[in-house]
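Engineer: pasting the structure only:
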């Protein structure tokens, strides 16, 4: 298992100029960094790649699916905006050597509304068609997509591993897998171990925080069940801490992070990594 941290734990947005943050992540002992792409122009591969190499950090590229980045939209122009964004992220992932591109690729975060079954089905079908197209591009770039289920307060489309597997079956591409986040799982899954086993060899990436989005080990998440599930499927890939800083005001509002879980974000990361190494070992 390799352990990483998302730059969202400290900042938003991340840019190629934030070398000091990458140095901090390496000094804390992480094996890789998860890089959320809020704007593809913020990240320059030729500038960032040698920095990561010198620090001994691998990279995983994560999407920021907001606004018009909507593969489920009725308007084809909006779907094209989303495809253009995801294709830019795939180019970054290929350039940085990230084996996967992860996130709620199917629709933007935070679409809470009571919709009719017919409208939801139409959105689902548009997402499936768009993901089939995107998966082909991913395969050409040697990157696997990781579809991330979100909790009910952030989406009504893919909330569980079972939902994700239905979408994977409809897309039917070897280049599309599942990425899970223990925070969302803690809300939506009845059994974390069984959900991981259900994902099986389609699991491409794992994100964690605790039940309150705080330091791993400080909440009431089923860490034993998560570990048992990952061991059952022989998962030995990457696992990252994904949380957010109340100092990153735009994201704090989006994800409702209003209080601190540690005196500072470096301490959050240090304690989280210490817990994870002990939990896994």
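Structural biologist: The structure has been received and is ready for your questions. Only a predicted model underlies this, so the values are computations on that prediction, with no experimental measurement involved.
Engineer: where exactly do the strands run in this protein?
Structural biologist: Secondary structure of the chain (DSSP state E): strands located at 2-6, 32-37, 58-63, 100-103, 144-147, 176-181, 203-208, 238-241.
Engineer: can I get these in JSON lines including distance to residue 270, mean neighbour count and mean pLDDT?
Structural biologist: Quick note: C-beta positions are derived from backbone N, CA and C, even for glycine. Below are the strands of the chain laid out as JSON lines (distance: least, Cβ to Cβ, whole Å; neighbours: other Cβ atoms under 10 Å; pLDDT from 0 to 100):
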{"stretch": "strand 2-6", "distance to residue 270": "10", "mean neighbour count": "21", "mean pLDDT": "98"}
{"stretch": "strand 32-37", "distance to residue 270": "15", "mean neighbour count": "23", "mean pLDDT": "98"}
{"stretch": "strand 58-63", "distance to residue 270": "20", "mean neighbour count": "24", "mean pLDDT": "98"}
{"stretch": "strand 100-103", "distance to residue 270": "24", "mean neighbour count": "26", "mean pLDDT": "98"}
{"stretch": "strand 144-147", "distance to residue 270": "26", "mean neighbour count": "26", "mean pLDDT": "98"}
{"stretch": "strand 176-181", "distance to residue 270": "21", "mean neighbour count": "25", "mean pLDDT": "98"}
{"stretch": "strand 203-208", "distance to residue 270": "15", "mean neighbour count": "25", "mean pLDDT": "98"}
{"stretch": "strand 238-241", "distance to residue 270": "11", "mean neighbour count": "24", "mean pLDDT": "98"}
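Engineer: any chance of these in TSV, with distance to residue 252 too?
Structural biologist: As requested, the strands of the chain are exported to TSV (distance: least, Cβ to Cβ, whole Å):
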stretch	distance to residue 252
strand 2-6	15
strand 32-37	14
strand 58-63	18
strand 100-103	19
strand 144-147	25
strand 176-181	18
strand 203-208	18
strand 238-241	17
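Engineer: nearest approach to residue 277 belongs to which of the ones you listed?
Structural biologist: strand 2-6 (6.9 Å; Cβ to Cβ).
Engineer: that closest one packs against which elements?
Structural biologist: Secondary-structure packing of strand 2-6 (3 or more Cβ pairs under 8 Å, 6 or more residues apart in numbering; DSSP states H and E): strand 32-37, strand 58-63, strand 238-241, helix 265-280.
Engineer: let's go with 7 Å and repeat that
Structural biologist: Helices and strands touching strand 2-6, by 3 or more Cβ pairs under 7 Å, 6 or more residues apart in numbering; DSSP states H and E, are strand 32-37, strand 238-241, helix 265-280.
Engineer: so what strands line up beside it?
Structural biologist: strand 32-37 (parallel), strand 238-241 (parallel) (DSSP bridges).
Engineer: how about the ones you listed in JSON lines, adding distance to residue 68?
Structural biologist: Listed next are those as JSON lines, based on distance: least, Cβ to Cβ, whole Å:
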{"stretch": "strand 32-37", "distance to residue 68": "15"}
{"stretch": "strand 238-241", "distance to residue 68": "27"}
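Engineer: which one is residue 243 nearest to, not counting chain neighbours?
Structural biologist: Using Cβ to Cβ, 6 or more residues apart in numbering and skipping the chain neighbours, the partner closest in space to residue 243 is residue 209 (4.4 Å).
Engineer: I'd say the one you found and residue 183 touch.
Structural biologist: Yes. At 5.0 Å, residue 209 counts as touching residue 183 under the criterion of Cβ atoms under 7 Å.
Engineer: what's the nearest residue to residue 270 if we skip its chain neighbours?
Structural biologist: residue 28 (5.6 Å).
Engineer: list the contacts for the residue nearest to residue 243?
Structural biologist: Applying Cβ atoms under 7 Å, 6 or more residues apart in numbering to residue 209 gives the contacts 182, 183, 216, 241, 242, 243.
Engineer: since that was my last question, I'll sign off now.
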